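S.K.: below is the sequence, then the predicted model.
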Amino acid sequence: MRPTTLVELAAEAGRTAPDPRGFTTFAEFQQVYGAAYDATSTRPDNLRRVVTELVEDTAADGGVWVGQRAGKGVAQGSSSRRSPLAR
């Protein structure tokens, strides 16, 4: 996630984002991860923005593949339902 995106999405939610590059301990990493999760889990458009930016940044760096990982809680539900992130 772009640091500027984390700051913007956190501000929209009325929160202050921690510096995503400033963690030195696992506890500080968890704060950054939690802020990123909160910023993307409440609105499908926020997650769509982060994924779009990830693909753009990867392509700009010469990447041709972006993989996905989802935790158990993220992947639950019927596969027959359309994802809220799908266009």
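M.R.: Okay, I see it. Residues are numbered from 1 along each chain as shown.
S.K.: drop to CA atoms for contacts and neighbour counts, all remaining ones
M.R.: Will do.
S.K.: now for E53, how many residues are close by?
M.R.: When neighbours are counted by other C-alpha atoms under 10 Å, E53 registers 15.
S.K.: report pLDDT for A70.
M.R.: Here the pLDDT value assigned to A70 is 61.
S.K.: what residues does the helix or strand harbouring A10 touch?
M.R.: A10 is part of helix 3-12 when elements are defined by DSSP states H and E. Helix 3-12 has contacts (C-alpha atoms under 8 Å, 6 or more residues apart in numbering) with T16, A17, D19, P20, A35, A36, A39, T40, N46, V50.
S.K.: ditto for stretch 55-64
M.R.: Applying C-alpha under 8 Å, 6+ apart, the contact partners of stretch 55-64 are W65, V66.
S.K.: in that stretch, what's buried?
M.R.: Buried positions in stretch 55-64, judged by neighbour count with 16 or more other C-alpha atoms under 10 Å: V55.
S.K.: start and end of that stretch, how far apart?
M.R.: 9 Å (C-alpha to C-alpha, to the nearest Å).
S.K.: brilliant, that's me finished.
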